[in-house]
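In: I would like the atomic coordinates for the input below:
(chains A and B)
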Amino acid sequence: MLKLWLKAFVSSRLWALSQKELRQILRDRQLLFLLMFPPTIQLFIFGFALNPEVTHLRLAVLDLSNSPTSRELVSALVENHVFDLWRVGTTYRQVTEAVCDGKVEAGLIIPPEFNREIKQGRQARVQVLLDGVDANKAGIAGGYVSQIFTAFSRRLETGASSPIELDASFLYNPGLISAWFFVPGVMGLVLNLTGSLVSSSALVREKDSGTLEQLLMTPAASWEILMAKIVPLFIVLNITVLLALSMGALIFQVPFRGNFLFYMAISALYIFVAISIGLMLATIARNQRQVVMTSFFFNLPIIQLSGAVAPVASMPLFFQYLSLLNPLRYYVACIRAVLLRGVGLEVLWPNVLALFAFAAVLLLASAHQFRRQLG
Amino acid sequence: MNRVAVQCIKELRQFVRDRLSVALAFGLPALSMLLYGFATRLEIKNIPLVVQNLDNSALSRSFIERLYTNEQFVPVRCPGGDLVKTVLNRGIAEAVVIIPPEFARKLRAGLPSPVEALIDGTDVNNARVIKNSIIATTNSFLDIEGLSPFRPLIHPQVRLWFNPGRKESLFVVPGAFGIVLLIYPALLCALAMARETEQGTILQIYASSLTASEFILGKVAAYVIVGIAETLLVLLIGFVVFHLSVAGDALLFTLGTLLYLIDACLYGLMIAVGAKTQNAAVQAVAFGGFTPALLLSGYLYPVRNIRYPFNLVADFVPARYYIELSRDTFVRGAGWAGQWFVPVFLTLVGLLLFRIARKRLGRMQISA
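Out: Residues are numbered from 1 along each chain as shown, chains lettered A, B, ... in the order given. Alright, predicted model coming up:
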């Protein structure tokens, strides 16, 4: 029975057409290049370049007290590498100008009476100037400053420890390795870009060179032509998924805590979404240039509102609602959860359901559009 | 010089004729500005937080109240059971704070009573923000309740300069200028160049008496003019929608922007000279321009956090310097004193790109 079915399949038109498409893909050097090169480089750069760590901020110090305690305070700020001592100024102006010109990110001004006041058991004030241009960095740095100062004060008064010691632990990524956050996001981004690009250019090329009409003259039905276009791309894009996954594991040591089959299944769903987006673009556009421009127009919001780089929860409310219409958002949420949290369908089913809906609607719509154009 | 002007006018006419291109040339920068400006926020406000109170005393309840008062955390009901499974795995909350039994009694007796926090480390940046914030709350709680065994002897007065309200838009929007004003002028210029190759009209140029330099200057001039129009549009969005204001030297910014636009167009042209199709040119520009401008420029996170060997590349990314200039102009305001090297660097890059473009164009001419 199975043998018979297989035989029928192999001699079918769909099989023949698929083989033709696959051969076309493999022959097209530029396409193969697009499938392999940009995803690899993008993963590399995202993984190595984006790092939200707040360390090694340049610090300019004006120590008017010039006492052992004040020098200890400076070394307390420097010793855990949150701050690097950039220079020790001699005037107030030198320090403020360094902050103003952006030469340093922080300035510390210790007043002359600092040591005397501490000795007398009075509260000593020091001034910390932080460059607030990068609001996020300044916020975290400010937190570190007050923690370091509290710890230092405590050390001055021997033996006293805080009654509430916070015992904080980071789950899923205990070392807070930034690549573990960005790499899954970029995997989604890369799959979306590559999938839509490859499928749109495969279709538009055939439109441009007029071979699509030749295909239409054959007895093949339009759904067979479309299926034959999709199937080989689907296979090739699965290889991209595996490539990205193994890069993440080998180069960035991103853990894989969930179920592999589940991961491949949701990726397969997303491949359909990406291909459909590409087919849509190809049916809208009349030539290659328009494909490129319109794909910018669609892919930009898709990527920006996906949470791959900046979290969705931090966006203004309007954009959060808008991102509900973005299939990539669900995919990125899924793969991040599968890789890092190790959860499966029991938690992610709403996302999977959404992806299913997107894949079905987009695939049907693009097929409809394609057939209408042929008719 | 006259021939350069004629070439430039011809190019502008050709550009204006293609309605879709014109629409996209202004629609895309506007869309990008709004998306980047509004949707790039690194810090989460309203972080969902679950507190499991195993003490149930007045003191522990006032501790919980403190946690939620600074409006950074939003309370989520504690579902009980294994909190990692029921809360964090499901992503219901970003963090769980567990107050131990006997919390109040121990503190009143002067004994330590550690509080446990489980923080979702998936979003690395926000995990740090959450931890800092809980520590700060704990310290202020101790001070206010008078539970602190010592009075902190050193009091840091932390001043945030330039951006005291910590508005992230002041960081993101000037950065987005650097991306938008690089990628779109470069794309348009690359498309125009690749179209000449694709349609074969480049052969007419070769046959004419126009020199390679004149040809390049004419094309670049045309798209720099388009780029200036785009600049005015994105600046308008910056001023009106995001309430930017000029803090630094407007003249320096104008000069820097002009040089940056020239660099962008030269870059697009240089890439497109070798491309056989418009599609290939766009891919190359998008990939070679967009990725570094977005990732190696300090647009999101500090350049100095970039790891070797990419940090070496980052030193040569013009977007990095332009974004610094833009942030200085709209937020910090140091002007020439801090940013004098930006126009110098951009000029050098421009000269380099021009030389390469001319060389590649010349080489092509022989083979054609």
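In: from here on, contacts and neighbour counts on C-alpha atoms
Out: Noted.
In: burial count for residue A:156?
Out: 14 (other CA atoms under 10 Å in any protein chain shown).
In: the one 10 residues further on too?
Out: Burial of residue A:166, expressed as a neighbour count using other CA under 10 Å, amounts to 18.
In: which residues touch it?
Out: B:114-117, B:135, B:138 (CA atoms under 8 Å, 6 or more residues apart in numbering or on different chains).
In: in the sheet, who's paired with it?
Out: residue B:115 (DSSP bridges).
In: can you check the pLDDT for it?
Out: For residue A:166, the model assigns a pLDDT of 79.
In: same check on residue A:374?
Out: According to the prediction, residue A:374 has pLDDT 67.
In: what residues does the stretch 201-350 of chain B put near chain A?
Out: Contacts of the stretch 201-350 of chain B with chain A, taken as CA under 8 Å from any CA of the partner chain, map to B:278-279, B:282, B:287, B:291, B:295-296, B:300-303, B:305-308, B:310-311, B:327, B:331-335, B:337-339.
In: filter those down to the buried ones.
Out: B:278-279, B:282, B:287, B:291, B:295-296, B:300-303, B:305-307, B:310-311, B:327, B:331-335, B:338-339 (16 or more other CA atoms under 10 Å in any protein chain shown).
In: the residue of the stretch 201-350 of chain A found nearest chain B: what's it in contact with?
Out: Among all residues of the stretch 201-350 of chain A, residue A:314 sits closest to chain B, at 4.2 Å; criterion: CA to the nearest CA. Applying CA under 8 Å, 6+ apart, we find residue A:314 in contact with B:39, B:41-45.
In: in a markdown table, list those along with distance to residue A:209 and neighbour count.
Out: Putting the contacts of residue A:314 into a markdown table (distance: CA to CA, whole Å; neighbours: other CA atoms under 10 Å in any protein chain shown) gives the following:
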| residue | distance to residue A:209 | neighbour count |
| --- | --- | --- |
| B:39 | 40 | 27 |
| B:41 | 44 | 25 |
| B:42 | 46 | 24 |
| B:43 | 49 | 22 |
| B:44 | 50 | 19 |
| B:45 | 52 | 16 |
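In: let me know the closest of these to residue B:220.
Out: Among those, residue B:39 lies closest to residue B:220 (CA to CA), at 32.2 Å.
In: make sure the closest one is actually in contact with residue A:305.
Out: Yes - under the criterion of CA atoms under 8 Å, residue B:39 makes contact with residue A:305 at 6.8 Å.
In: anything in contact with each of the two?
Out: In contact with both residue B:39 and residue A:305: residue A:319, using CA under 8 Å, 6+ apart.
In: under the pLDDT cut-off, which ranges of the chain? List them.
Out: As the question left the chain open, I've gone with chain A. Within chain A, the stretches with pLDDT under 70 are A:10, A:158-161, A:287-289, A:374-375.
In: was after chain B, sorry
Out: B:149-151, B:364-368.
In: buried residues in the single longest helix found in it?
Out: Counting by DSSP state H, the longest helix found in chain B is helix B:169-199. Buried residues in helix B:169-199, counted by 16+ other CA under 10 Å: B:169-197.
In: keep only those residues that also lie close to chain A.
Out: Within the buried residues of helix B:169-199, those near chain A by CA under 8 Å from any CA are B:170-171.
In: residue contacts, the residue nearest the centre of chain B?
Out: In chain B, the residue lying closest to the centroid (CA atoms, centre = their mean) is residue B:299, at 3.0 Å. Residues in contact with residue B:299 (CA under 8 Å, 6+ apart) are B:172, B:175-176, B:293, B:320, B:323.
In: check for me that it belongs to a helix.
Out: No - counting by DSSP: H, G, I helix; E, B strand; the rest coil, residue B:299 is not found in a helix; it is coil.
In: pull the number of nearby residues for residue A:373.
Out: 10.
In: ok, now which ones touch it?
Out: Contacts for residue A:373 (CA under 8 Å, 6+ apart) come out as residue A:283.
In: chain center to whichever strand or helix holds it, what's the gap?
Out: Under DSSP states H and E, the secondary-structure element containing residue A:373 is helix A:345-374. Remark: helix A:345-374 is offset 23 Å from the chain centroid, using CA atoms, centre = their mean, to the nearest Å.
In: and it, what's buried?
Out: For helix A:345-374, by 16+ other CA under 10 Å, it's A:347-348, A:351-352, A:354-356, A:358-359, A:362-363, A:365-367, A:369-371.
In: kindly report the same for stretch B:22-33.
Out: Buried residues in stretch B:22-33, counting neighbours by 16+ other CA under 10 Å, are found at B:24-33.
In: ok, is it in contact with chain A or not?
Out: Yes - interface with chain A: stretch B:22-33 contributes B:24, B:28, B:32 (CA under 8 Å from any CA).
In: measure the first one to residue A:304 for me?
Out: Taking CA to CA, to the nearest Å as the criterion, residue B:24 is separated from residue A:304 by 18 Å.
In: sorry, back to before: give the other helices and strands that the helix or strand following the longest helix of chain B contacts.
Out: The helix or strand immediately downstream of helix B:169-199 is helix B:202-207, counting by DSSP H and E. Where contact means 3 or more CA pairs under 8 Å, 6 or more residues apart in numbering or on different chains; DSSP states H and E, helix B:202-207 is not packed against any helix or strand.
In: with just CA atoms, put helix B:202-207 into CSV.
Out: C-alpha atoms of helix B:202-207 as CSV (Å, rounded to 0.1, in the frame of the first residue of the first chain):
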residue,chain,number,x,y,z
ILE,B,202,26.1,52.6,-18.4
LEU,B,203,27.6,51.9,-21.8
GLN,B,204,26.3,55.2,-23.1
ILE,B,205,28.1,56.9,-20.2
TYR,B,206,31.3,55.0,-21.2
ALA,B,207,30.9,56.2,-24.7
